[in-house]
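> Could you work out the structure for the sequence below:
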Amino acid sequence: MNARPTLARLGMLAALLTASACALADGSPVGLWKNIDDATGKPKALIRITENNGELSGKIEKLFRAPEEDQNPVCQKCEGELKDQPIVGMTILSGLKKDGDEYSGGQILDPANGKLYKSKLTVVEDGRKLNVRGYIGMPMLGRTQTWVRED
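This is a model prediction of the structure:
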């Protein structure tokens, strides 16, 4: 039996675990997050946040839907190129850049109503939670959801 493929797999696994631990340690929002509906307290989706050239974006990977709901909904209320596109796989966060202890200057899409809002993120509880604020005009004119890091 050749041990090289096993060692290579172990090396890749170690690199992934190290990257995850580093993201937690430095308070980075990069990773997989479960967003929780602020009205019902129930999970709505899994969103993967990535960073490219210092700018964050977030894409929906999975929706948590009741069995009687459409399991592959499209964004009926979105405008432009996102209209009638599948919500799973859709980028809903974009343009966020680090600004002190938060990430700001970006926008968030609410697929339920098709509207874009200005957005900012703050990593809290040692990287285990993410406060995601969507707003119009000023940050105090909006609402915040708390997302929970998925391991």
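> quick one: the helices in this structure?
Using DSSP state H, the helices of the chain run over residues 4-25.
> Point to the residue nearest the middle of it.
Closest to where the C-alpha atoms of the chain average out (CA atoms, centre = their mean) is residue 47, at 3.6 Å.
> For it, which non-adjacent residue is closest in space?
residue 58 (4.7 Å; CB to CB, 6 or more residues apart in numbering). (C-beta placed from N, C-alpha, C; glycine too.)
> what's across from the one you found in the sheet?
For residue 58, the beta-bridge partners under DSSP bridges are residue 49, residue 93.
> mind listing what it touches?
33, 47, 48, 49, 50, 91, 92, 93, 94 (CB atoms under 8 Å, 6 or more residues apart in numbering).
> With distance to residue 122 and pLDDT added, can I get those in TSV?
Shown next, in TSV, are those (distance: CB to CB, whole Å; pLDDT from 0 to 100):
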residue	distance to residue 122	pLDDT
33	13	98
47	16	98
48	19	98
49	13	98
50	18	98
91	21	97
92	18	98
93	14	98
94	17	98
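> Please indicate which of those residues are buried?
Neighbour counting with 16 or more other CB atoms under 10 Å marks 33, 47, 48, 49, 92, 93, 94 as buried within these.
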